[in-house]
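Asker: Here's my sequence, what's the structure:
(2 chains)
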Protein chains: 2
Amino acid sequence: MNTFTLFVMGPAGSGKSSFVASFAGWLENNEIPYLTVNLDPAAEYVPYTPDVDIRAYVTAKQVMDEYMLGPNGAIIAAVDLTLNFIPGIQEEVAESISEGYILVDTPGQMEIFAFRRSGVEVVKELTIGQGGVAFIVDAALSKSPPTFVSQIFLASSVYYRFRMPQLNLFNKVDLLSEKELEEMVNWVREPTSLINGLEKELIGEEMIMVRGLLESVKSFLESFSIYFVSTKISKGLDSVYADLQKIYKGGEDYEIPDYMRKSE
Amino acid sequence: MNTFTLFVMGPAGSGKSSFVASFAGWLENNEIPYLTVNLDPAAEYVPYTPDVDIRAYVTAKQVMDEYMLGPNGAIIAAVDLTLNFIPGIQEEVAESISEGYILVDTPGQMEIFAFRRSGVEVVKELTIGQGGVAFIVDAALSKSPPTFVSQIFLASSVYYRFRMPQLNLFNKVDLLSEKELEEMVNWVREPTSLINGLEKELIGEEMIMVRGLLESVKSFLESFSIYFVSTKISKGLDSVYADLQKIYKGGEDYEIPDYMRKSE
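Answerer: Below is the predicted model of the structure:
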């Protein structure tokens, strides 16, 4: 299939659905075919109209009522139940698109999807054509060197979980001052400035885990694309689109990793 | 205060509450004073009787009914509302304990607490005496080199978010074969074997992010204590207790980090 399946992940509140809405709008304007898939059975509102929607099969609310579960248990159960409905979703997707982008909005609470068993399984089954991950974090929660480094580690953690091409988006830059944004951009350009900032902040505390950190952060920043965006005001999204198009047009290098095939 | 406040964190389903129950049992048997605090407003069942309980102030279910929210929105709102009830909780805690351990069970969905604003605020306000984090992950989801490394990055991400002394527990080792556990223990002892295993698994895929990885993982493993435990069958918990006691008796080196004080 000549499609690109993009799984949109990120912690609760980072702006996953907002990114899907914004990217869908851009594809629409550029007359590129696309399909939106909502995989969050607990979503109460999504700022786009999903073409395929897990909520047609199962919702957290239904599970709550039917199995007499509390809100938390119901969300987990509903996400796990998603696996049962994958054949139906695959069929809906296959019927509706043969080229272009499949934008998959994943469950609001990232950890239920990414750090439990079901997520990798769902990604394996739903990657049609090439696959990739757009990982979104909240830039307004990443303003200091330690919190920025924390997000880089979180992104790394997701990368080693899925091992797919990954674009990393620091979202909500509209909430940053110009100076804050400049500083962040500089951290990416010159990781040494980030590590220096980190060391400065950690003075007086136990300096642990700093050995290897510069190399490791540099390696991340050199291997992955980082974008500073605002899905709310559609800022900085152009280069995301351009890079995605490059991967999409680039060919078959980016299908699902071997380890996903092995278990088939 | 001569107390040690231990915040128990980890992804959904990793075994936080089970650890609190198990550690409380150990303290009981050893006649060390302790207090259990449940901070999860969406908890439906906890395997211990919390001495102080956020659910006496707010529950996700109440928020759902009162504000007409869905399960997901209700959980997030309830966790955020926790901040309003911190003074009451502080008072309850202060009245009940003046030395020993305060075991704080955090919300089931880690990211709502750790990767949004409220978590750091709550940790700051509730750390009485010394503070620390017990970070729990599921060993059964960490059996391959990439997934193990993924968990190490997740633990690093949490460390840079809170900057408190952190113990890292790979829980549920009862679900591993003897060979799997041996391999994992060896990865910690000889990080080179972990990286070699990782490189082997990644053959054929794009080898990215490997530069600096060995140093970075080594640095993590040397800086932090890693434990392989089963809270279910109380396996491996002795050394966790012993190390916690060492920190607790060790004195005042481990109070809340300066950055938390700054914003006071």
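Asker: Would you mark the buried spots in stretch A:70-78?
Answerer: Neighbour counts over stretch A:70-78 (16 or more other Cβ atoms under 10 Å in any protein chain shown) mark A:Gly70, A:Pro71, A:Asn72, A:Gly73, A:Ala74, A:Ile75, A:Ile76, A:Ala77, A:Ala78 as buried. In this view, the C-beta of every residue, glycine as well, is placed from N, C-alpha and C.
Asker: farthest pair in these?
Answerer: A:Gly70 and A:Ala78 (12.5 Å; Cβ to Cβ).
Asker: ok so, going back, narrow the buried residues of stretch A:70-78 to those in helices?
Answerer: Those of the buried residues of stretch A:70-78 mapping onto helices are A:Pro71, A:Asn72, A:Gly73, A:Ala74, A:Ile75, A:Ile76, A:Ala77, A:Ala78, per DSSP state H.
Asker: which of those residues are close to chain B?
Answerer: A:Pro71, A:Asn72, A:Gly73, A:Ala74, A:Ile75, A:Ile76 (Cβ under 8 Å from any Cβ of the partner chain).
Asker: From B:Lys61, how far off is the first one?
Answerer: The gap separating A:Pro71 from B:Lys61 is 6 Å, by Cβ to Cβ, to the nearest Å.
Asker: residues shared between the contacts of those two?
Answerer: Residues touching both A:Pro71 and B:Lys61 by Cβ atoms under 8 Å, 6 or more residues apart in numbering or on different chains: B:Ala74.
Asker: element containing A:Pro124, please.
Answerer: Small correction: residue A:124 is Lys, not Pro. Taking DSSP states H and E as the criterion, A:Lys124 maps to helix A:117-126.
Asker: can you list the buried residues of stretch A:70-78 in TSV and add distance to A:Arg117 and pLDDT?
Answerer: Shown next, in TSV, are these (distance: Cβ to Cβ, whole Å; pLDDT from 0 to 100):
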residue	distance to A:Arg117	pLDDT
A:Gly70	22	90
A:Pro71	21	91
A:Asn72	18	90
A:Gly73	17	91
A:Ala74	18	93
A:Ile75	16	94
A:Ile76	12	92
A:Ala77	14	93
A:Ala78	15	95
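Asker: any chance you could map the helices in the stretch 51-200 of chain A?
Answerer: A:60-67, A:71-81, A:86-96, A:110-114, A:117-126, A:145-162, A:178-189, A:191-202 (DSSP state H, counting those that start in this stretch).
Asker: So which of the ones you listed is nearest B:Trp187?
Answerer: helix A:145-162 (13.5 Å).
Asker: What is the closest one packed up against?
Answerer: helix A:110-114, helix A:117-126, strand A:130-138, strand A:166-171, helix A:178-189, helix A:191-202, helix A:213-223, helix B:145-162 (3 or more Cβ pairs under 8 Å, 6 or more residues apart in numbering or on different chains; DSSP states H and E).
Asker: which stretch among those comes nearest B:Val46?
Answerer: helix A:110-114 (19.0 Å).
Asker: Tell me if the closest one is near chain B.
Answerer: Yes. For helix A:110-114, a contact with chain B is found by Cβ under 8 Å from any Cβ, at A:Met110, A:Glu111, A:Ile112.
Asker: most surrounded residue in the residues you listed?
Answerer: Taking other Cβ atoms under 10 Å in any protein chain shown as the neighbour criterion, A:Ile112 ranks highest of the residues of helix A:110-114 next to chain B with 27 neighbours.
Asker: Skipping its backbone neighbours, what lies nearest that one in space?
Answerer: Distances taken as Cβ to Cβ, 6 or more residues apart in numbering or on different chains place A:Val79 nearest to A:Ile112, at 4.9 Å, with adjacent residues excluded.
Asker: burial measure for that neighbour, as a count.
Answerer: That count, for A:Val79 with other Cβ under 10 Å as the rule, works out to 28.
Asker: from memory it sits against A:Phe113, does it?
Answerer: Yes. The pair A:Val79 and A:Phe113 passes the contact test of Cβ atoms under 8 Å, sitting 6.3 Å apart.
Asker: tell me which residues in stretch A:135-151 are buried?
Answerer: A:135-142, A:144-151.
Asker: do stretch A:62-72 as well
Answerer: In terms of neighbour count (16+ other Cβ under 10 Å), stretch A:62-72 has its buried residues at A:Val63, A:Met64, A:Leu69, A:Gly70, A:Pro71, A:Asn72.
Asker: is it true that the third one touches A:Ala78?
Answerer: Looking back up the chat, that one is A:Leu69. No. With contact defined as Cβ under 8 Å, A:Leu69 does not count as touching A:Ala78 (9.2 Å).
Asker: Provide a list of residues in contact with A:Gly70.
Answerer: A:Met64, B:Ala42, B:Glu44, B:Ala60, B:Lys61.
Asker: which one of these is nearest B:Val188?
Answerer: B:Ala42 (33.1 Å).
Asker: pretty sure the closest one belongs to a strand, no?
Answerer: No. With DSSP: H, G, I helix; E, B strand; the rest coil as the criterion, B:Ala42 is coil rather than part of a strand.
Asker: contacting residues around it?
Answerer: Taking Cβ under 8 Å, 6+ apart, one finds A:Gly70, A:Pro71, A:Asn72, B:Thr59, B:Ala60, B:Ala74, B:Ile75, B:Ala78, B:Val79, B:Pro107, B:Gly108, B:Gln109 in contact with B:Ala42.
Asker: about what we covered before: give me the common contacts of A:Val79 and A:Phe113.
Answerer: By Cβ under 8 Å, 6+ apart, the residues touching both A:Val79 and A:Phe113 are A:Pro107.
Asker: How about the contacts made by the residue nearest to A:Ile112?
Answerer: Per Cβ under 8 Å, 6+ apart, neighbours of A:Val79: A:Pro41, A:Ala42, A:Pro107, A:Ile112, A:Phe113, A:Arg116, A:Ser118.
Asker: picking that back up, list just the nearest of the buried residues of stretch A:135-151 to B:Thr231.
Answerer: Nearest to B:Thr231 among the buried residues of stretch A:135-151, with distances taken as Cβ to Cβ, is A:Ser150, at 26.0 Å.
Asker: dump the residue contacts of the closest residue to that closest one other than its chain neighbours.
Answerer: By the measure of Cβ to Cβ, 6+ apart, the closest residue to A:Ser150 outside its immediate chain neighbours is B:Tyr160, 3.8 Å from it. When contacts are counted by Cβ under 8 Å, 6+ apart, B:Tyr160 touches A:Pro146, A:Thr147, A:Val149, A:Ser150, A:Phe153.
Asker: can we see that at 10 Å?
Answerer: A:144-154, A:198, A:202, A:209, A:213 (Cβ atoms under 10 Å, 6 or more residues apart in numbering or on different chains).
Asker: again with A:Val217
Answerer: A:148-149, A:152-153, A:156, A:187-188, A:191-192, A:194-195, A:198, B:212, B:216.
Asker: farthest pair in those?
Answerer: Most distant of those, by Cβ to Cβ, are A:Ser156 and A:Thr192, 18.9 Å apart.
Asker: And those two? Which one has more around it.
Answerer: Using other Cβ under 10 Å as the criterion, A:Ser156 and A:Thr192 rank with A:Ser156 on top: 29 against 12.
Asker: how much space between the closest residue in space to the more buried one that isn't next to it in sequence and B:Ile128?
Answerer: Leaving out its chain neighbours, the residue that sits closest to A:Ser156 by Cβ to Cβ, 6+ apart is B:Phe153, at 4.2 Å. Between B:Phe153 and B:Ile128 the computed distance is 31 Å (Cβ to Cβ).
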